[in-house]
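[1] Sequence and predicted model, in that order:
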Amino acid sequence: MNVWLIDDDNVTNMLNRFFLEEHYTHLNITAFVYAQDALNTLMQTTQKPDVIFLDINMPVMNGWEFLDALGKKTTEIAEIPHIYLLSSSLDPVDKNKASQINLVKGFISKPLEIEKIGFLNPT
């Protein structure tokens, strides 16, 4: 299973990678610091991610802008990955907005924990 981490904080990406590798040995994990790089890669690769953990608050292209851009390109992508917003935001407006976007499968508060991502089936 291919999992992408999109977060502008390298430390957060590193911690999430360690957590996932410790509990889910069957994952192939790729991390991006810039959402635009992830979007470009998604449009060019044949190895699409199965799951994306996407931060909301990022410079240059934030999570909402990533989702908007991806939504406009859905006809170019054969299979849209499951996208989970992974955020430290406690703002109910963010959770409500996420629930209204078809591409978003869920909203997960940081940090990653087994209870929050049991859908990945730990090994």
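    Great, that's in hand. Residues are numbered from 1 along each chain as shown.
[2] What's the separation between the residue nearest in space to the middle of the chain and residue 1?
    In the chain, the centroid-proximal residue (CA atoms, centre = their mean) is residue 53; its distance is 2.0 Å. When distance is defined by CB to CB, to the nearest Å, residue 53 is 13 Å away from residue 1. In short, each C-beta sits where N, CA and C put it, glycine included.
[3] Kindly report the same for residue 60.
    The spacing between residue 60 and residue 1, counted by CB to CB, is 28 Å.
[4] next one: residue 18
    Applying CB to CB, the value for residue 18 to residue 1 is 17 Å.
[5] cool, and residue 103?
    Remark: distance between residue 103 and residue 1 (CB to CB) = 18 Å.
[6] In terms of secondary structure, what does the top helix by length along the chain contact?
    Across the chain, the longest stretch assigned as helix under DSSP state H is helix 10-23. Using 3 or more CB pairs under 8 Å, 6 or more residues apart in numbering; DSSP states H and E as the contact test, the elements touching helix 10-23 are strand 2-6, strand 28-32.
[7] the more surrounded of residue 103 and residue 1?
    When residue 103 and residue 1 are compared for neighbours, residue 103 comes out ahead with 17 against 12, by other CB atoms under 10 Å.
[8] so who does that one touch?
    By CB atoms under 8 Å, 6 or more residues apart in numbering, the contact set of residue 103 is 67, 70, 71, 74, 80, 83.
[9] Do you know the pLDDT at it?
    Listed pLDDT for residue 103 reads 90.
[10] And for residue 86?
    94.
[11] Secondary structure element holding it?
    Using DSSP states H and E, residue 86 sits in strand 82-87.
[12] Noted, bye for now.
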